[in-house]
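**Q** Have a look at this prediction, sequence included:
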Amino acid sequence: MFTFSISMISFIKHKNIFFVLTLAAIAAAVAAISVWGLRPGIEFTGGSLTIVEYHDARPETGAIREKVQSLGLADASVYAVEEKGAAIRTENLSAQRREALLAALKETGEFEEKSFESIGPMVGRELTGKMSLLVLVSLLAMLLYIAVAFRNVPGQIGAWQFGAASFLILCHDILIPLGIFAALGAFWGVQITIPVITALLIVVGYAINNVIVVYDRVRENLLRDRRADFAENANRAINQTLSRQINTSLATLLPVFAIYFLGGESLKYFSLALILGVAVGTYSSVFLSAQLLVLWRQIKARRQNV
């Protein structure tokens, strides 16, 4: 486990550097999403899912994908299922095109079709609405919790400012992974699926937990010495929680990396979303959370002195 001395690092002193790096990353993510957009999976757009199990060794997923795309299904995605299975996601297939797909797959090896299902566009739109509502409710519930939990902080900074800073951090922690997925979708056809959305919701909870740890220590320091400089208290809070933040992130990332490399194609992008989210969430809790409060406090002090 890693431990750090409180006087070792001055995070607040260099906050402007962190803000510039953060704004650059946000600008890149927004540009990626604006230019390339996100590629929603068939759960949201509608489509067909075919699952087959090969009698012998399963061919490489790339070979299966190439055969499927030769039928004009350019947006098709293929991932491994268990030891010998493969799942093929495509646009909605008619009975004739489904037969053509199965005939093309037979050229890759003998198999048995395990299941076939189609999701209509109406179902996809309904699911999109429900997932959007779920994300919004989750964000609002967490922000409400923070506003209530930090309502008795000494007068140097208000509870709503803790909540507003947390909201900005959560937007950052979701936007950066989405920007990366937009780039992955543009160049490698990676789609936003329900597992990816689930991972991002987990990231929201993880990120807000990290932020609360820092803010709770800021509050404790303020209660212990109300006349101390706010920036010094904030910097002390970051250093006091730094070991915990790094150790928790490492303990989380180790099994997630194992899932990414060993969990198969179906869990690959779920685990990637978690890896990106944990990394970005750790960065924001250390380099943005308390720094935003200090910036808010400095702006308030300047206005009072005008």
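**A** Great, that's in hand. Numbers count the residues shown, from 1 in each chain.
**Q** Flag the shaky bits of the protein, pLDDT-wise.
**A** 1-8, 121-124, 154-156, 306 (pLDDT under 70).
**Q** what's the longest helix in it?
**A** Longest among the helix segments of the chain by residue count, using DSSP state H, is helix 230-262.
**Q** elements contacting that helix?
**A** Using 3 or more CB pairs under 8 Å, 6 or more residues apart in numbering; DSSP states H and E as the contact criterion, the secondary-structure elements in contact with helix 230-262 are helix 194-224, helix 265-287, helix 289-305. In this view, the C-beta of every residue, glycine as well, is placed from N, C-alpha and C.
**Q** Report the distance from it to the chain centre.
**A** In terms of CA atoms, centre = their mean, to the nearest Å, the gap separating the centre of helix 230-262 from the centre of its chain is 16 Å.
**Q** which stretch among the helices and strands packed on helix 230-262 comes nearest S70?
**A** helix 265-287 (20.1 Å; CB to CB).
**Q** how about the CA coordinates for the closest one, as CSV?
**A** Written as CSV, here are the backbone C-alpha positions of helix 265-287 (Å, rounded to 0.1, in the frame of the first residue of the first chain):
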residue,chain,number,x,y,z
GLU,A,265,-15.5,-10.2,-25.9
SER,A,266,-18.9,-9.7,-24.3
LEU,A,267,-17.3,-8.1,-21.2
LYS,A,268,-14.5,-6.3,-23.0
TYR,A,269,-16.1,-2.9,-23.3
PHE,A,270,-17.9,-3.1,-20.0
SER,A,271,-14.6,-3.5,-18.3
LEU,A,272,-13.0,-0.8,-20.5
ALA,A,273,-15.6,1.7,-19.5
LEU,A,274,-14.9,0.8,-15.9
ILE,A,275,-11.1,1.2,-16.3
LEU,A,276,-11.6,4.6,-18.0
GLY,A,277,-14.1,5.8,-15.4
VAL,A,278,-12.0,4.7,-12.4
ALA,A,279,-8.9,6.4,-13.8
VAL,A,280,-10.7,9.6,-14.7
GLY,A,281,-12.6,9.5,-11.3
THR,A,282,-9.3,9.2,-9.4
TYR,A,283,-7.8,12.1,-11.3
SER,A,284,-10.8,14.3,-10.6
SER,A,285,-11.0,13.5,-6.9
VAL,A,286,-7.3,14.3,-6.4
PHE,A,287,-6.7,17.2,-8.9
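**Q** can you pull the buried residues of that helix?
**A** Residues of helix 265-287 classed as buried by neighbour count (16 or more other CB atoms under 10 Å): 267-287.
**Q** isn't Q69 right up against A76?
**A** Yes. Look at Q69 against A76 with CB atoms under 8 Å: they come within range, at 5.7 Å.
**Q** So which of these two has more stuff around it?
**A** Each of Q69 and A76 has its neighbours counted (other CB atoms under 10 Å); A76 has more, 23 against 17.
**Q** Would you check how far apart that one and K13 are?
**A** Separation of A76 from K13 (CB to CB, to the nearest Å) stands at 52 Å.
**Q** What of L101?
**A** Counting by CB to CB, the gap between L101 and K13 amounts to 61 Å.
**Q** who has more neighbours, these two?
**A** Neighbours of L101 and K13, each counted by other CB under 10 Å, are more numerous for L101; the result is 23 against 10.
**Q** mind listing what L170 touches?
**A** 139, 142-143, 204, 207-208 (CB atoms under 8 Å, 6 or more residues apart in numbering).
**Q** What is the most widely separated pair among these?
**A** The widest separation within these, taken as CB to CB, falls between L143 and A207 and amounts to 12.2 Å.
**Q** Between those two, which has more neighbouring residues?
**A** Here L143 and A207 are compared on neighbour count by other CB under 10 Å; more neighbours surround A207, at 26 against 18.
**Q** quick check, R89 in a strand?
**A** Yes. Per DSSP: H, G, I helix; E, B strand; the rest coil, R89 lies within a strand segment.
**Q** right, and it touches L49 too?
**A** Yes. Under the criterion of CB under 8 Å, R89 lies in contact with L49, with a separation of 5.5 Å.
**Q** what sits in contact with each of the two?
**A** Taking CB under 8 Å, 6+ apart as the contact definition, R89 and L49 share the neighbouring residues I42.
**Q** what about the strands in the stretch 51-200 of the chain?
**A** Assigned strands in the stretch 51-200 of the chain, in chain order: 77-81, 85-90, 111-119 (criterion: DSSP state E, counting those that start in this stretch).
**Q** what's the most buried one of the ones you listed?
**A** For the strands of the stretch 51-200 of the chain, the stretch with the most neighbours on average is strand 85-90, a mean of 22; neighbours defined as mean count of other CB atoms under 10 Å.
**Q** Remind me what that one packs against, helices and strands.
**A** If you count contacts as 3+ CB pairs under 8 Å, 6+ apart, strand 85-90 packs onto strand 47-54, helix 61-69, strand 77-81, helix 95-106.
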